[in-house]
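**Q** only geometry, no sequence info:
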């Protein structure tokens with residue numbers, strides 16, 4: 001709080017390298033409440049936020065370093081954008097990114113300080129329509145309920161929102177600390193996930209179940225989370241497994257530690273796994289990215305990492321092109337072709353045979369076919 005008092009004083013008095021922002025909302029006007037296309041309007045506004053270093057231009061803002069817990073005018077991978085405007089009394093309308101990793105969502109609140117600690121703060125998913133309203137401590141979601149954003153308006157450069165609670169009987173609680181566990185709600189689908197994707201019969205030969213888009217997406221959109229069980233290979237890849245058992249155990253896990261930003265301090269050996277007994281949606285359906293089938297070409301998503309509001313760091317799939325509602329989702333698993341399951345090897349050879357001429361294919365497959 002002491003750091004912010006100094007910074008706030010500087011906002012009103014200092015000249016020079018003070019950070020200010022401009023947005024699509026006028027800085028000197030309050031608009032009427034809007035209830036149409038609320039998510040789209042909020043997303044366009046958020047993407048319009050532009051930091052500037054010009055006095056008497058826009059309004060004061062800052063970057064917030066979540067590791068050092070201090071404000072700064074310098075942007076880097078450890079900082080997130082923070083903006084606020086006086087509302088009434090000492091109350092402020094405040095917005096802050098959760099993380100610099102794209103698609104990690106934002107926090108909104110009306111409060112007297114900038115710590116984002118309180119019982120009535122809002123986490124907003126990257127669709128800018130779905131939210132969790134409840135208790136936060138220093139910007140970390142602790143518990144709350146699902147909500148939808150039902151209205152928005154411009155308020156002197158920032159957006160103000162109204163929310164409506166849904167499914168009040170389901171209390172979401174932070175379980176980011178839980179290792180070797182599916183979390184606290186394995187059979188309750190995440191609020192964002194429920195609106196984004198669904199599981200159906202894949203169109204791929206022998207594809208089994210696949211994942212499908214429940215709405216339209218554009219390139220860069222978060223499509224689905226990959227949470228599951230945070231664990232280590234030693235907990236399920238045993239030395240006495242047969243080859244078939246090894247590939248079965250291996251089938252639904254992702255090398256999460258290798259993918260994660262170092263600032264998250266995820267152990268490099270950590271993986272996210274969906275164990276055999278949890279691979280049916282009747283046993284686990286909180287997140288569904290693990291149901292995405294593989295293609296070598298013609299994919300429409302890619303693997304990524306993201307901060308989830310109550311799971312913390314997790315993997316995800318992100319759209320790489322426009323995806324229409326009802327389309328099946330595909331991602332390249334990117335296995336090592338010299339160390340991969342038999343089905344993957346078979347598909348790779350088929351793919352290469354279509355992609356290159358016979359002479360090249362014969363060279364590439366030499367020593368590869370058993």
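**A** Right, received. Where do you want to start? Everything numeric in this text was worked out from a predicted model, so none of it was measured.
**Q** can you pull the contacts of residue 287?
**A** Going by Cβ atoms under 8 Å, 6 or more residues apart in numbering, residue 287 touches 190, 193, 224-228, 311, 314. All C-beta spots, glycine's among them, are computed from the backbone N, C-alpha and C.
**Q** now, of these, which are buried?
**A** 190, 193, 224-228, 311, 314 (16 or more other Cβ atoms under 10 Å).
**Q** what packs against the longest helix seen in the chain?
**A** Looking across the chain with DSSP state H, the single longest helix is helix 342-355. For helix 342-355, the helices and strands in contact under the criterion 3 or more Cβ pairs under 8 Å, 6 or more residues apart in numbering; DSSP states H and E are helix 358-365.
**Q** circling back: show me the buried ones among the contacts of residue 287 that map onto helices.
**A** Residues of the buried ones among the contacts of residue 287 located in helices (DSSP H): residue 193.
**Q** tell me the one of the buried ones among the contacts of residue 287 nearest residue 346?
**A** residue 226 (24.8 Å; Cβ to Cβ).
**Q** and the gap between the closest one and residue 305?
**A** Here the criterion is Cβ to Cβ, to the nearest Å. By it, residue 226 lies 9 Å from residue 305.
**Q** excluding its backbone neighbours, what's nearest residue 86?
**A** residue 92 (5.9 Å; Cβ to Cβ, 6 or more residues apart in numbering).
**Q** residue contacts, the one you found?
**A** Per Cβ under 8 Å, 6+ apart, neighbours of residue 92: 84-86, 110-112, 114.
**Q** sheet-wise, list the partners of the helix or strand hosting residue 93 with their directions.
**A** Assigned by DSSP states H and E, residue 93 belongs to strand 91-97. Sheet pairing here is set by DSSP bridges, and for strand 91-97 it gives strand 79-88 (antiparallel), strand 106-111 (antiparallel).
**Q** adding pLDDT and distance to residue 293, write the contacts of residue 287 out as JSON lines.
**A** As requested, the contacts of residue 287 are arranged in JSON lines below (pLDDT from 0 to 100; distance: Cβ to Cβ, whole Å):
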{"residue": "190", "pLDDT": "98", "distance to residue 293": "20"}
{"residue": "193", "pLDDT": "98", "distance to residue 293": "17"}
{"residue": "224", "pLDDT": "98", "distance to residue 293": "13"}
{"residue": "225", "pLDDT": "98", "distance to residue 293": "17"}
{"residue": "226", "pLDDT": "98", "distance to residue 293": "14"}
{"residue": "227", "pLDDT": "97", "distance to residue 293": "19"}
{"residue": "228", "pLDDT": "96", "distance to residue 293": "17"}
{"residue": "311", "pLDDT": "98", "distance to residue 293": "23"}
{"residue": "314", "pLDDT": "98", "distance to residue 293": "20"}
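**Q** quick check, nearest of these to residue 184?
**A** Using Cβ to Cβ, residue 311 is the member of these that lies nearest residue 184, at 9.7 Å.
**Q** distance check, the closest one against residue 117.
**A** Look at residue 311 and residue 117: by Cβ to Cβ, they are 21 Å apart.
**Q** residue 204 now?
**A** 48 Å.
**Q** repeat for residue 88
**A** Taking Cβ to Cβ, one finds residue 88 at 20 Å from residue 117.
**Q** who has more neighbours, the two?
**A** Between residue 88 and residue 117, residue 117 has the larger neighbour count (other Cβ atoms under 10 Å), namely 16 against 7.
**Q** the more buried one contacts residue 142, doesn't it?
**A** No - when contacts are counted by Cβ atoms under 8 Å, residue 117 is not listed as touching residue 142 (9.6 Å).
**Q** between the two, what contacts are shared?
**A** Taking Cβ under 8 Å, 6+ apart as the contact rule, residue 117 and residue 142 both touch residue 136.
**Q** residues making contact with stretch 197-212?
**A** Defining contact as Cβ under 8 Å, 6+ apart, one finds that stretch 197-212 is touched by 213-214, 223-224, 281, 285, 288-289, 291-293, 295, 326-329, 343.
**Q** what is the neighbour count of residue 309?
**A** Residue 309 is flanked by 25 other residues according to other Cβ under 10 Å.
**Q** same thing with residue 204?
**A** Look at residue 204: counted by other Cβ under 10 Å, it has 14 neighbours.
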